[in-house]
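Novice: This is a predicted model, with the sequence first.
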Amino acid sequence: MNRKAVALLSGGLDSTLAVKVMLEQGIEICALNFTSTFCTCSCRGSVCSNEAARVANEFDVPIKVLQKGLDYIEIVRNPKYGYGQGINPCVDCRIYMHKLAKEYMEEIGASFIVTGEVLGQRPMSQRRDAFETIERESGLEGLILRPLCAKHLEPTIPEKVGIVNREKLLDMGGRSRRPQIALAEELDIQNYPCPSGGCLLTDKIFSKRVKDLLDNKEEVTMKDVLLLKAGRHFRLNKDVKIVIGRDEADNKKIKNLIQADDILIEPLDFAGPTGLICGLSKNGTHFIAGRMILRYAGTKAEGKRTLKLSKNSETTTFEVDAPVEEEVLKGMMI
C-alpha cells in the first residue's frame, strides 16, 4: 500500500476539506469528479464541475471528470437499495460512483479512496450501515477513508498500516455545518460554494417526471433526460407525452432536444410557447398540443389560432378552434 489516493471531489465544502486534510498529511491526491444531469448545480451551468476544477487547481492536484451516463439511468429505474423521499437511489448512487473510483484507483496505482462524507449528515446514504453496504458492494472494504468523521468509524487499512495518522483525523457528525465552516477558517479555505449541493431526484415534482419517463419508455436517451428539466409535461397515454415551454429559454431548449419522429408545434403569427410531442403520436394529437399552446399563450394570441408543425424536416400549418380546457390540462399534467 502506498500514499496515493483517489478523492471524490464534488467541489462542495465537505469534499474540499477532506482533500485538504489528506494533503496536510502528505497524501498524494488524484481527484475524481462526477457530473450528473440530475445535479441542481448542473442546472446552473455545471457549477459543481467548475468548482471541483478550481479546488483541484488551487491544491495543485490532477482531476478527472466522469459523466453519469445512461447506465446510471438504469440504476435510477431499478435500485437495489431503494429510494429516498423522491426517486433518489442514494445508496446505489454511491455504490455506482465508488465502483468507478475503484477502477480509476487501480488504473493509476492508488491504494485507497477519500470522500467528504460525514456520518449522520444525510439520512439515506451517510449512515453507518449504508457506509458498510457501499464498501462491501463496491469491493472497497477498509479502503474508503472519510477524514471528516473517521473517529466515529472503525480504522481503515491506511490508518492501520500507518500511512494515515488517525489522530489527525476528525470526529464530525450530524447535520450541523458549523464544524466544517470552522475547519475551513482554520485551514484558510475561502470562496467555497454553498455548503452542500442538491439532487433533483429528491424533488417530488421532478421525481414524478422521472418516474413517468421510466414507466413509459424502455430505451431512454440522454435527450429524454435533459428534456425533463424543460417546460410543463403532460401524459396523453403510454406512447405520447407533450411538453410545453414556459418561456423563451424553455422554447430554445425544447427545440434543441427534439428527436427523430418527435413533432414540434410553434405559434405561426403570435407570441406563445413551443410544444413538443414525444412518442408515437396518432392523428389529432397535434390539435391537442396546439390547443395547449393557445391556452398558455393567453391574450398574446390576440385571437390568432394558426400553428406550425415540424416533423423530420417537413413543415405544415394547421388551425385550432379554441384553447384547451383547464380541467383537461390538470388531468394530463405530470
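Specialist: Alright, I've got the coordinates.

Novice: quick one, strands of this structure?
Specialist: Secondary structure of the chain by DSSP state E: the strands cover 4-8, 28-35, 63-67, 112-114, 144-145, 232-237, 240-244, 263-267, 275-279, 306-311, 314-319.

Novice: now residue 230, nearest residue through space, not along the chain?
Specialist: Sequence neighbours aside, residue 253 is the residue nearest to residue 230 in space, at 4.4 Å (criterion: Cβ to Cβ, 6 or more residues apart in numbering). Where you see a C-beta, it was placed from the backbone N, CA and C, and this is true even at glycine.

Novice: want to throw the strands of the chain into a markdown table with mean pLDDT and distance to residue 99?
Specialist: As requested, the strands of the chain are arranged in a markdown table below (pLDDT from 0 to 100; distance: least, Cβ to Cβ, whole Å):
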| stretch | mean pLDDT | distance to residue 99 |
| --- | --- | --- |
| strand 4-8 | 98 | 12 |
| strand 28-35 | 97 | 12 |
| strand 63-67 | 96 | 11 |
| strand 112-114 | 98 | 11 |
| strand 144-145 | 98 | 12 |
| strand 232-237 | 96 | 32 |
| strand 240-244 | 97 | 33 |
| strand 263-267 | 98 | 39 |
| strand 275-279 | 96 | 32 |
| strand 306-311 | 97 | 41 |
| strand 314-319 | 96 | 45 |
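
Novice: can you put the ones you listed in a markdown table and add distance to residue 167?
Specialist: Listed next are these as a markdown table, based on distance: least, Cβ to Cβ, whole Å:
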| stretch | distance to residue 167 |
| --- | --- |
| strand 4-8 | 18 |
| strand 28-35 | 20 |
| strand 63-67 | 29 |
| strand 112-114 | 17 |
| strand 144-145 | 14 |
| strand 232-237 | 53 |
| strand 240-244 | 56 |
| strand 263-267 | 63 |
| strand 275-279 | 57 |
| strand 306-311 | 67 |
| strand 314-319 | 71 |
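
Novice: winner for burial among those strands?
Specialist: Using mean count of other Cβ atoms under 10 Å, the stretch among these with the largest mean neighbour count is strand 112-114, at a mean of 27.
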